[in-house]
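> Show me how the following folds:
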Amino acid sequence: MSEESPRSLAPQGARTLSVASRLAERTLAERPGRANSQAQTGRTLVVGRGAYATIGEAVAVAQDGDSVLVRPGTYRESVTVSRAIWLVGDGDRASVVIEYDGAPCLILERSSASVAQLTIRGGGPEGSGAVAIHGGSPSLDGLDLAESTGLVVDGSAAPRIRRCSIHDGRGTGIRALDGSTGTYEDNDIHSFAGLVGICISGSRTAPLIQANRIRDCQLTGILIENGAVGVLEGNDIYGNTGFIGIWITGVRTAPLIRANRIHDCQEASIVVKDGAAGVIEDNDVYGNAKVGISISDAGTAPLIRANRIHDCQAGGIGIGGGAAGVIEDNDIYDNAQIGIGVSGARTAPLIRKNRIHGGQGAGLVVNRGCHGTIEENDIYDNAQIEIFVAGARTAPLIRANRIHDGQGGGIWIGHGAAGVLEDNDIYDNAACGIVVSGARTAPLIRGNRIHDCRGTGIWVDPGVIATITNNQILGNTEGAIHVESGATSAIARNSTD
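The predicted model follows:
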């Protein structure tokens with residue numbers, strides 16, 4: 001079978017070849033490391049109404065730098081590419097279809113090929129993909145993977161995948177596995193009924209996932225697991241009806257999640273668990289049916305920084321199960337219930353410099369035996385108590401916060417809780433500044449400024465064993481300190497009016 005050159009085809013196919021040339025030149029110009037002369041000097045092999053009846057036939061004879069131009073039609077074949085060629089559909093991608101069941105439609109084997117403007121349907125069994133990339137650094141641009149088993153990238157592959165539509169599949173949209181890297185940008189990934197939009201898995205797997213739309217998946221938008229890292233930046237992740245926007249799980253799993261919009265999920269925008277870490281910063285998290293961000297399990301310790309977390313139905317951030325981590329400089333507001341909830345034995349986060357406000361429940365709830373440090377936060381204008389601390393062995397350090405304008409009061413501590421409240425500014429609350437309640441509740445309250453509340457500065461119930469010292473308690477409507485009979489609190493060196 002003969003090979004066709006651009007010169008010999010020009011009289012009958014000038015428009016077709018100009019399409020191929022523009023696509024090839026654009027792909028080439030945007031990828032480093034190749035000279036434009038390759039696109040100009042390589043041959044163009046035409047499939048369908050040309051010299052080649054199948055894509056596989058043309059690819060088999062193509063050399064590095066050649067272009068394979070695929071004319072409209074449906075090609076039922078599995079194609080393997082292992083050279084640096086251009087594989088390009090002619091015109092509208094919907095008119096050029098590769099379709100195959102039982103194996104991947106397209107296999108890129110240690111290749112730096114560029115593939116553009118094709119529709120790919122079908123593919124191999126779950127996990128093998130409709131497009132399989134094994135090593136190399138190929139570029140995929142403008143593909144439509146419809147009703148397929150998605151795209152699988154493994155080994156040391158570093159692809160560039162952009163402007164693709166990957167949708168309505170039978171499993172996972174993209175699997176980045178086994179130490180692969182690469183860039184995935186400006187793709188539309190949606191409507192995966194079985195599993196997730198993108199799965200990033202394995203030690204040293206580190207892709208850049210940038211400016212994609214990941215939506216309407218039945219389980220999870222993005223799953224990051226088994227020691228993977230990578231960067232997720234500038235994506236719009238939403239409407240994942242079964243569960244979660246981003247799920248981060250496993251020891252040494254530590255991605256950077258930055259500047260994304262993650263919203264309108266049925267469970268949570270982000271879940272971090274099972275010993276995972278990573279950095280979650282500058283995201284807009286909102287509109288979830290439950291919590292904005294959930295952190296759980298011993299050893300889990302992410303940095304959650306400078307996010308906006310709002311309008312969630314069950315609260316902003318939930319931390320439990322022995323998790324730790326740092327929660328700092330977030331704006332957490334207008335959630336239907338709790339701003340931040342911390343719960344469970346050995347749960348011990350550092351929560352600092354956040355703004356927690358405008359919620360319909362408490363600003364911050366600490367209970368069920370947890371510890372941790374809560375410092376330098378601005379907690380205000382929540383519909384219930386600003387900080388609620390409860391439960392035996394619950395013993396946080398609450399230090400240097402501004403706690404004000406709460407509709408239910410400043411701080412309530414009870415049910416046997418302990419901990420330290422020091423150097424806080426507690427003011428302008430609609431009820432008491434601090435209420436201490438319940439048998440064996442034993443906090444240390446020292447060095448705080450408690451003023452201008454419309455109840456008592458500090459109210460102490462029977463059974464409390466508290467130490468209240470060196471506080472300034474001034475200008476509260478119902479007095480400075482009220483101690484009920486039966487409390488055995490030590491009260492000394494406070495400034496009162």
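
> so how far is stretch 352-363 from its chain's centroid?
Offset of stretch 352-363 from its chain centre (Cα atoms, centre = their mean, to the nearest Å): 22 Å.

> List the beta-bridge partners for the residue most central in space within the chain.
Residue closest to the average C-alpha location in the chain (Cα atoms, centre = their mean): residue 246, at 4.0 Å. Following DSSP bridges, residue 246 is listed with bridge partners residue 222, residue 270.

> looking at it, it is touching residue 267, isn't it?
No. Counting by Cβ atoms under 8 Å, residue 267 is not a contact partner of residue 246; they are 11.2 Å apart. For glycine as for every other residue, the C-beta is placed from the backbone atoms N, C-alpha and C.

> From residue 321, how far off is the residue nearest to the centre of the chain?
Plainly put, residue 246 is 19 Å away from residue 321 if you go by Cβ to Cβ, to the nearest Å.

> swap in residue 340?
On the measure of Cβ to Cβ, residue 340 and residue 321 end up 15 Å apart.

> Mind checking which of these two has more residues around it?
Counted by other Cβ atoms under 10 Å, residue 340 and residue 321 do not tie: residue 340 has more neighbours, with 32 against 20.

> Contact partners for residue 150?
Each residue near residue 150 by Cβ atoms under 8 Å, 6 or more residues apart in numbering is listed here: 123, 129-131, 166, 169-175, 192.

> could these be laid out in JSON lines, adding secondary structure, pLDDT and neighbour count?
Listed next are the contacts of residue 150 as JSON lines, based on DSSP: H, G, I helix; E, B strand; the rest coil; pLDDT from 0 to 100; neighbours: other Cβ atoms under 10 Å:
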{"residue": "123", "secondary structure": "strand", "pLDDT": "92", "neighbour count": "31"}
{"residue": "129", "secondary structure": "coil", "pLDDT": "92", "neighbour count": "30"}
{"residue": "130", "secondary structure": "coil", "pLDDT": "94", "neighbour count": "30"}
{"residue": "131", "secondary structure": "strand", "pLDDT": "97", "neighbour count": "29"}
{"residue": "166", "secondary structure": "strand", "pLDDT": "94", "neighbour count": "30"}
{"residue": "169", "secondary structure": "coil", "pLDDT": "81", "neighbour count": "29"}
{"residue": "170", "secondary structure": "coil", "pLDDT": "72", "neighbour count": "17"}
{"residue": "171", "secondary structure": "coil", "pLDDT": "76", "neighbour count": "20"}
{"residue": "172", "secondary structure": "coil", "pLDDT": "89", "neighbour count": "26"}
{"residue": "173", "secondary structure": "coil", "pLDDT": "92", "neighbour count": "31"}
{"residue": "174", "secondary structure": "strand", "pLDDT": "95", "neighbour count": "30"}
{"residue": "175", "secondary structure": "strand", "pLDDT": "95", "neighbour count": "28"}
{"residue": "192", "secondary structure": "coil", "pLDDT": "73", "neighbour count": "29"}
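
> for these, which one is nearest residue 106?
Nearest to residue 106 among the contacts of residue 150, counting by Cβ to Cβ, is residue 131 at 4.7 Å.

> hang on, the closest one packs against residue 111?
No. Contact criterion Cβ under 8 Å: residue 131 and residue 111 do not qualify, at 11.8 Å.

> What average pLDDT does stretch 397-413 get?
For stretch 397-413, mean pLDDT is 97.

> before we move on, what about stretch 461-472?
97.

> Also stretch 260-268?
Rounded mean pLDDT across stretch 260-268 is 89.

> Residues touching it, excluding its own?
221, 232-246, 269-270, 283-294.

> Got a PyMOL select line for the buried ones in those residues?
This is how PyMOL selects the buried members of the contacts of stretch 260-268, with burial counted by 16 or more other Cβ atoms under 10 Å:
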select buried, resi 221+232+233+235+236+237+238+239+240+242+243+244+245+246+269+270+283+284+285+286+287+288+290+291+292+293+294
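
> Tell me which of the contacts of stretch 260-268 fall in strands.
Mapping the contacts of stretch 260-268 onto strands (DSSP state E) picks out 221, 232-233, 236-238, 244-246, 269-270, 284-286, 291-294.

> Got the confidence number for the residue nearest to the centre of the chain?
pLDDT for residue 246: 95.

> Just list the residues touching it, thanks.
Residues near residue 246 by Cβ under 8 Å, 6+ apart: 220-224, 232, 237, 257, 260, 262, 269-271.

> That one and residue 153, how far apart?
In this view, residue 246 and residue 153 are 19 Å apart by Cβ to Cβ.

> What is the neighbour count of the nearest residue to residue 156 once chain neighbours are set aside?
The shortest distance from residue 156 to any residue other than its chain neighbours is 5.4 Å, reached at residue 135 (Cβ to Cβ, 6 or more residues apart in numbering). Per other Cβ under 10 Å, the neighbour tally for residue 135 reads 19.

> which phi and psi does residue 135 have?
Dihedral pair for residue 135: phi 80, psi -180, per degrees, to the nearest 10.

> Hmm, residue 177 and it touching each other?
No. Counting by Cβ under 8 Å, residue 177 is not a contact partner of residue 135; they are 11.9 Å apart.

> got the contacts of residue 246 as a markdown table, with distance to residue 404 columns?
Shown next, in a markdown table, are the contacts of residue 246 (distance: Cβ to Cβ, whole Å):
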| residue | distance to residue 404 |
| --- | --- |
| 220 | 39 |
| 221 | 37 |
| 222 | 38 |
| 223 | 41 |
| 224 | 38 |
| 232 | 36 |
| 237 | 35 |
| 257 | 32 |
| 260 | 32 |
| 262 | 30 |
| 269 | 28 |
| 270 | 29 |
| 271 | 32 |
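
> so what's the nearest residue to residue 162 once chain neighbours are set aside up against?
Leaving aside its sequence neighbours, residue 162 sits nearest to residue 185 (Cβ to Cβ, 6+ apart; 4.7 Å). Listed by Cβ under 8 Å, 6+ apart, the contact partners of residue 185 are 160, 161, 162, 208, 209, 210, 211, 212.

> Only whichever of those residues are buried, select them in PyMOL.
Entered in PyMOL, the line below selects the buried ones among these, by 16+ other Cβ under 10 Å:
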select buried, resi 160+161+162+208+209+210+211+212
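
> out of the contacts of residue 185, which one sits closest to residue 347?
The nearest member of the contacts of residue 185 to residue 347, counting by Cβ to Cβ, is residue 209 at 29.8 Å.

> SS state for the closest one?
Three-state call for residue 209 (DSSP: H, G, I helix; E, B strand; the rest coil): strand.

> ditto for residue 60
Taking three-state DSSP as the rule, one finds residue 60 in the helix state.

> Residue 57 too?
Following three-state DSSP, residue 57 is assigned to helix.

> Now for it, how many residues are close by?
So residue 57, with other Cβ under 10 Å, has 17 neighbours.

> Next: residue 497.
Using other Cβ under 10 Å, residue 497 has 11 neighbouring residues.

> my guess is it contacts residue 475, does it?
Yes. Using Cβ under 8 Å, residue 497 makes contact with residue 475 at a distance of 6.6 Å.
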